[in-house]
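Colleague: any chance you could fold what I've pasted below:
(one chain, ligands or ions: 1)
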Amino acid sequence: MTTAGYNPYESAQLQFDKVAQTLELDSGMRALLRQPMKEFHFTIPVKMDDGSTKVFNAFRIRHNDARGPAKGGIRFHPQETVDTVRALSMWMTWKCAVVDVPLGGGKGGVICDPHNLSQAEQERLCRGYVRQLYTQLGPNQDVPAPDVMTNAQHMLWMLDEYEVITGGHFPGMITGKPVGMGGSLGRTEATGFGLVYVLNGYLRCIDKPIESTTVSFQGFGNVAEYAARMYTQMGGKVIAISCWNQADAKSYTFRKKDGCDITELVAIKDAFGSIDVAKAKALGYEILPGEEWLAQDVDILIPAALENQITPAVFPRISKQVKIICEAANGPTTPDCDPLIQERGIALLPDFLCNAGGVTCSYFEQVQCNLNYFWSMEEVLEKLEYKMTQAFRGIYDLAQAKNLYMRDAAYVIAVDRVVSAVKMRGWA
Ligand code: GLU
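Modeller: Numbers count the residues shown, from 1 in each chain. You can find the predicted model right below:
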């Protein structure tokens, strides 16, 4: 998806060029890391329930696998573009490196709207994706996971197709599987919880108790929901949440100044995952236009929807009270907005750190599949908290020591790790 002239791949490349400069990378290394190493563009013919055949366009892009098998989700979205998948695959490389898991970066996408597909059609689409790509997938090669509009059931269909074709059991070939079918406890919660571990790590560093803070969210999908649950459980107050409404193709901001009740809002999500406007009104929520999430008088903004949401055009609408932007989505801030955020002294907790909890838990899932022994929820969350907090501390300490913007500090750490792997392998 490219939003109002912003191309996420160009943003990802601009961010990389900046860090390449700081790290004084040579031209060969720059050329290798500023684009994906492999791209697969293919079509998937799907027999529809009415007997017709529909052809879907799909991608799988492997940015870099110097540190380990490529890792990253598969998105189903009607506005998917190859450049978005390229950018996301690059961000996956940095994400895996920043939390120091032995994986590379990849991403996949299918141009489709699952809302308009029956379960049986979605199953055939998932199986078709694997049929086209199975020689390139595998636990030691490229490992997909759920992402925008894909879930554990989609992953299991893909695994089953892979195992039928290859004639064996390879549970580590895909992550985000259902619990009991090779999935890890905590995977569903991991991205949202991981974000709160990072946020709380930062709040501790600045001596601000989480109980004294307020938040406004953009988005109420899986990541936002679990982040909001953990954040409110720790005593923080969620003032507003904006959510896409599938029924009238508009977004709304739901506000309760004395604090949203997350369980209550989850209970009134409709079949499309949108918050039911009438029910929310009946529960005493103010219903505001979608973009109002960004203009709330809160301490923390959490963009947890799609890319390119915080731009110079909307930046002046951000309240002077906001002191932290905690990026839950991939690429929610455009590069031309970073200087404005820095100028205003807002602390930016970067996306590929904040939302790395998902892939960290995917790594745990692979480890458990390899052991064929599954950990308790407590064990998973304890390991997750440790990994996320360690990664945050490394970035915070570097940012403090070198007076860096936290996005730049995170890039320096992640890119440096990938560069070392590339050099040790003798690729550049
Ligand atoms: N889709 C998630 C992400 O963007 C998770 C990827 C994974 O677990 O491989 O980080």
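Colleague: how about the residue of the stretch 251-400 of the chain found nearest the ligand, phi and psi?
Modeller: Closest approach of the stretch 251-400 of the chain to the ligand (CB to the nearest ligand atom) occurs at S362, with a separation of 3.2 Å. All C-beta atoms are positioned from the backbone trio N, CA, C, and that covers glycine. Note on S362: backbone dihedrals following degrees, to the nearest 10 are phi -60, psi -40.
Colleague: got the residues of this protein near the ligand?
Modeller: 71-73, 95, 145, 147, 175, 330, 355, 358-359, 362 (CB under 6 Å from any ligand atom).
Colleague: so of those, which ones are in strands?
Modeller: Among these, DSSP state E puts 71-73, 145 in strands.
Colleague: ok, and the most crowded of the residues you listed?
Modeller: Within these, G72 tops the neighbour count with 31 neighbours, counted by other CB atoms under 10 Å.
Colleague: contact partners for it?
Modeller: Residues in contact with G72 (CB atoms under 8 Å, 6 or more residues apart in numbering) are 88-89, 92, 105-108, 144-145, 147, 359.
Colleague: where's the dip in pLDDT among those residues?
Modeller: Within the contacts of G72, the minimum per-residue pLDDT falls on D147 (93).
Colleague: quick one: contacts for the closest residue to that one other than its chain neighbours?
Modeller: In space, D147 comes closest to G73 once its chain neighbours are excluded; the distance is 2.7 Å by CB to CB, 6 or more residues apart in numbering. G73 is in contact with 88, 107-108, 144-148, 150, 176, counting by CB under 8 Å, 6+ apart.
Colleague: just to revisit the earlier point, inside helices: which ones of the contacts of G72?
Modeller: Counted as lying in helices by DSSP state H, out of the contacts of G72, are 88-89, 92, 359.
Colleague: pipe the contacts of G73 into TSV and attach distance to C243 per row.
Modeller: Formatted as TSV, the contacts of G73 follow (distance: CB to CB, whole Å):
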residue	distance to C243
L88	22
K107	25
G108	26
P144	27
A145	24
P146	20
D147	19
V148	15
T150	19
G176	23
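Colleague: name the nearest of those residues relative to I346.
Modeller: Ranked by distance to I346 (CB to CB), the contacts of G73 are led by L88 at 24.6 Å.
Colleague: was I right about that closest one contacting D351?
Modeller: No. Using CB atoms under 8 Å, L88 is not in contact with D351; the gap is 10.5 Å.
Colleague: which one of these two has more residues nearby?
Modeller: Using other CB under 10 Å as the criterion, L88 and D351 rank with L88 on top: 28 against 24.
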